[in-house]
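1. Sequence below, structure please.
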Amino acid sequence: MVAIRDLHGIGYLHRDIKPQNFAIGLGPKETTIYMLDFGIARKYTEADNKTVKVPRIKVHFLGTLRFASRACHKQLEQGCKDDMECWLYMCFDLFDDDKGLPWKRCERNQVLEMKEQFFRLEHSSCYRIVPEDFKRLVQYINGLKYAELPDYVYLRNSLAAISKEERVDFAKPLDWAGITTKKKKDKVKEEVCLTSVAAFLLTGIHGLAEMDTVGVPYTDLAHLIRV
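-> Sure thing, here's the model as predicted:
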């Protein structure tokens, strides 16, 4: 959320908030979550970085169906509220990648109505893992207007309260702590081993795919809250 707040602070919207656009730092930066892909970012303020631009009458759909805001579906101009709506969908998906977003496996023409139902709190299945207190955030974000700047302090304080209620231990290491570094070391060891074998056999080794060094999936969104 800090990255989104800072982006809004310089007058830009991301417009494609989703798990795939965040990455874990490596080595000493492994406790930092980075926001990526500003390909469809847009400046929403005038040159003074304070006045919000007059919304366009029609805007083509941009973003990712699963995480796109309702305004995006309706081809309306997006504001800061829409980035926070996408962020909310991302939170639910990270908490529960099966039932967190009820429209995950639905037809395209059903998604918008299911998102409207989500904000009317009509999908109880969303909260089988997601804490019930997230309903406050759902209602708050639903009430935001196009030109309104979200109260990031309120949102962070709400997350802190939820973390306390869920007894999240921030002293514990993050789920992925040390894993990416270990993968890198294992990769180096494997490459050295393969090189030695190749030299010994006096043959070339071809077609070996590099080891995958992607980050480990989140198993607990609560750890993400502190970023």
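2. Okay, Cys91 and Ile129: tell me how far apart.
-> Using Cβ to Cβ, to the nearest Å, we find Cys91 at a distance of 11 Å from Ile129. For every residue, glycine as well, the C-beta is placed using N, CA and C.
3. between these two, who's got more neighbours?
-> Cys91 (20 against 14; other Cβ atoms under 10 Å).
4. And the pLDDT for the more buried one?
-> We note a pLDDT of 96 for Cys91 in this prediction.
5. cool, and the one 5 residues further on?
-> The model reports Asp96 with a pLDDT of 95.
6. pretty sure it is touching Val130, no?
-> Yes: judged on Cβ atoms under 8 Å, Asp96 makes contact with Val130 at a distance of 5.9 Å.
7. Looking at those two now, which is surrounded by more residues?
-> Per other Cβ under 10 Å, whichever of Asp96 and Val130 has more neighbours is Val130, with 21 against 17.
8. dump the residue contacts of that one.
-> 91-92, 95-96, 100 (Cβ atoms under 8 Å, 6 or more residues apart in numbering).
9. Spell out the residue ranges of the strands in this protein.
-> Assigned by DSSP state E, the chain shows strands spanning 12-13, 22-24, 33-35, 42-43.
10. Please produce a markdown table containing these, extended by distance to Glu85, mean neighbour count and mean pLDDT.
-> Formatted as a markdown table, the strands of the chain follow (distance: least, Cβ to Cβ, whole Å; neighbours: other Cβ atoms under 10 Å; pLDDT from 0 to 100):
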| stretch | distance to Glu85 | mean neighbour count | mean pLDDT |
| --- | --- | --- | --- |
| strand 12-13 | 12 | 21 | 98 |
| strand 22-24 | 16 | 18 | 93 |
| strand 33-35 | 16 | 16 | 94 |
| strand 42-43 | 16 | 14 | 97 |
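11. Of all those strands, which one comes closest to Leu159?
-> Nearest of the strands of the chain to Leu159, taken as Cβ to Cβ: strand 33-35 at 14.0 Å.
12. starting at the chain centroid, how far to stretch 5-13?
-> 16 Å (Cα atoms, centre = their mean, to the nearest Å).
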